[in-house]
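[1] Would you be able to build a 3D model of this:
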Amino acid sequence: MKIIRFTSKKLEKVYNRTFSRQRHLEERVKKIIEDVRILGDEALLRYTKKFDGVKLSLRQIKVSQIEISGAYQNISPNFVSTLKVVIENVNRFYRKILKKSWRLKDADGAIVGENYIPLERVGVYIPAGTAPLVSTVYMTVLPAKIAGVKKIVLISPPDKDGFINPHILVVADLLKVDEIYRVGGAQGIAGLAYGTKTIPRVDKIVGPGNIYVSEAKRQVFGVVGIDMIAGPTELGIIANRYSDPKLIVADLKAQAEHARGLAVLITNSKSLAKEVKSQTENINGYIILTKNLEEAVESANKIAPEHLQILVNNPKKVLKGIRNAGAIFLGPFSPAAVGDYIAGPSHVLPTQGTARFFSGLSVSDFVKSIHIISYTKKALEKARDPLEKIAVIEGLTKHVDSVKARF
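    You can find the predicted model right below:
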C-alpha cells in the first residue's frame, strides 16, 4: 500500500473512480444480449458452453427438485442450524424498515397518499466464479421475500461439471426461491431481462457479478429494473493513533481476499501509517495521511466507499460527519466481515463512489409506490384557480377545460 498525503493530486483517481467500460467489452456484451433476445435458450446453451465450458441440454437449464434435494447430502450437518441464526438477523432488520401504504386527508375532503406494491417477479444473480457467494443468496432473497415479491428466480453459473454449489441450492430451497437456473454471465442477465421459453422474464434484476454481468445489467436497464451497477468491492478505514494496528492489518488483508478489491486506510497518525504499510506491501490500496480527523472525514466522503470502518476511540463522533458510504462499521468489534455474513443489512452495497447517490439493497428495492389522489367536488373547486393559472402559463388550456367540465 502507498502512503499519500491528503493534498496529493494522486488521490483524484481514487476520488473519481468510476465503473470502467472498455469499448470491446460493451460491444461483446451487446452481441450476447441480442443473441439471447432473438435466439433464446439456444443462445444460452451456446454461451454456457463457450464461457463456462459446460455442454447442457435444454432440460438441464432449470435445476430439478431432485438435484436440489440431493444438495442436502453434500453440505455440513450444522449448516442449516447456522443459517437459521443468520436468517433471523436479516429478517429482523428488514421487517423494521418495511413501508406501509398511507393516506392524508384535508378539511375539504382531498385525499392523497401512496400504495406500496411489491414487484411481481425478481431475478437474483448469484456469482460462483472465483468463489460461490452463498451469503449473497439470503442477502438478496430475504429482502425480496419480506417485501412480498410473488416470484423469485435465481440464476447462477454452473461449475466445470455442470452443477451449482450445493450450499447455494440449499439456501435457495430453504428460502423458497421459486425457480433456479444454471446459467450465468451476460447471457443469464439477458435471459432474465427478455425471457426465453425456459427462463421467465422478470421485472427487476439484483445481485453482484463480474464486469460482464455489470455491463449487461447496465445495458438491459430500462427493459427491466436493476439494483445498481457494482464494481470491485471496497473497504475504507478511518483510524488514529489510538487505533489498534493489528486489527487494521487484519481487516485490510481480509479485503485483499477479493479479486481487484480496493483497500484504503485514512489516518492522521504518521506512525500508524508506517506500521500498517510495513505489513501490507502486497495489498492493492492506499494509506491517506491527513492533518486531523476532520480531513479524514472529508476524504472518506470523497471516496464514498462500499464499506467504511471507523476505528477511532470515539467512532460515533466521527459518524456525524459521514455522508457517503454503503455501510458503516463502528468500533473495534465491528469488522466489515460481520456485515458480509451475519449482521442483518444486505451486503449488496454501492461501489465505485456511487454511495453518493445509491443505497444498499433493501426491501424498498422490491417495492414500487403508486400515488393515490382522490378529490371531492369541494376540494376540486378550491383548487381550480391555482390549477387554471398554471395550466394557462403552460399553454395547456384543455387541462383547464377538463376541470371546468365538472362544474
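
[2] Ends of stretch 278-291, what's the gap?
    Stretch 278-291 has an end-to-end distance of 21 Å (criterion: Cα to Cα, to the nearest Å).

[3] Now that stretch: average pLDDT?
    Averaged across stretch 278-291, the pLDDT comes to 93.

[4] Residues contacting it, please?
    Here stretch 278-291 makes contact (Cβ atoms under 8 Å, 6 or more residues apart in numbering) with 1-6, 11, 14, 245, 249, 252-253, 255-256, 260-268, 270, 273, 276-277, 296, 299. Glycine gets a C-beta too; all of them are placed from N, C-alpha and C.

[5] in that stretch, what counts as buried?
    Using 16 or more other Cβ atoms under 10 Å as the test for burial, stretch 278-291 gives Gln279, Thr280, Ile283, Asn284, Gly285, Tyr286, Ile287, Ile288, Leu289, Thr290.

[6] Repeat that for stretch 144-155.
    Ala144, Lys145, Ile146, Ala147, Val149, Lys151, Ile152, Val153, Leu154, Ile155.

[7] Greatest separation within the residues you listed: which pair is it?
    Ile146 and Ile155 (21.2 Å; Cβ to Cβ).

[8] Hmm, Asn89 and Ala343 touching each other?
    Yes: at 6.4 Å, Ala343 and Asn89 qualify as touching, with contact defined as Cβ atoms under 8 Å.

[9] Please check the contacts of stretch 278-291 and keep the buried ones.
    Buried among the contacts of stretch 278-291 by 16+ other Cβ under 10 Å: 1, 3-4, 6, 11, 14, 245, 249, 252, 255-256, 261-268, 273, 276-277, 296, 299.

[10] Just the residues you listed: which are in strands?
    Ile3, Ile4, Leu262, Ala263, Val264, Leu265, Ile266, Thr267 (DSSP state E).

[11] What's opposite the third one in the beta bridge?
    In this case it means Leu262. According to DSSP bridges, the partner residues bridging Leu262 are Glu234.

[12] my guess is it meets Pro232, correct?
    Yes: at 6.3 Å, Leu262 counts as touching Pro232 under the criterion of Cβ under 8 Å.

[13] Tell me which residues are up against the helix or strand harbouring Arg384.
    In this assignment (DSSP states H and E), Arg384 forms part of helix 377-394. Residues outside helix 377-394 that contact it (Cβ under 8 Å, 6+ apart): Asp106, Asp108, Gly109, Ala110, Tyr375, Thr397, His399, Val400, Val403, Arg406, Phe407.

[14] who touches Ile226 in this structure?
    Lys204, Ile205, Val206, Lys217, Arg218, Val220 are the contacts of Ile226 under Cβ under 8 Å, 6+ apart.

[15] Check Pro157 too.
    So Pro157 contacts Thr48, Phe51, Asp52, Pro127, Ala128, Gly129, Arg182, Val183, Gly184, Gly185, Gly188 (Cβ under 8 Å, 6+ apart).

[16] middle-most residue in this protein, spatially?
    The structure's the chain has its C-alpha centroid closest to Val348; by Cα atoms, centre = their mean the separation is 3.6 Å.

[17] Serialize the buried residues of stretch 278-291 to TSV and add fields for distance to Ile370 and secondary structure.
    Shown next, in TSV, are these (distance: Cβ to Cβ, whole Å; DSSP: H, G, I helix; E, B strand; the rest coil):
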residue	distance to Ile370	secondary structure
Gln279	54	helix
Thr280	50	coil
Ile283	48	coil
Asn284	45	coil
Gly285	44	strand
Tyr286	45	strand
Ile287	49	strand
Ile288	45	strand
Leu289	51	strand
Thr290	47	coil
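
[18] which stretches of the protein have low pLDDT?
    Applying pLDDT under 70 to the chain flags the ranges 19-21, 130.

[19] ok, which stretches of it are strands?
    Applying DSSP E to the chain gives strands spanning 2-5, 102-105, 111-118, 121-125, 151-155, 179-181, 204-206, 225-226, 234-239, 262-267, 285-289, 307-310, 327-330, 367-374.

[20] for the first one, the distance to its chain's centre please.
    Just to be clear, that refers to strand 2-5. 30 Å (Cα atoms, centre = their mean, to the nearest Å).

[21] What helices and strands are in contact with that strand?
    Applying 3 or more Cβ pairs under 8 Å, 6 or more residues apart in numbering; DSSP states H and E, one finds that strand 2-5 makes contact with helix 270-279, strand 285-289.

[22] mind checking which of these is nearest Ile199?
    strand 285-289 (38.7 Å).

[23] so what strands line up beside that closest one?
    Strand 285-289 has the following strand partners under DSSP bridges: strand 2-5 (parallel), strand 262-267 (parallel).
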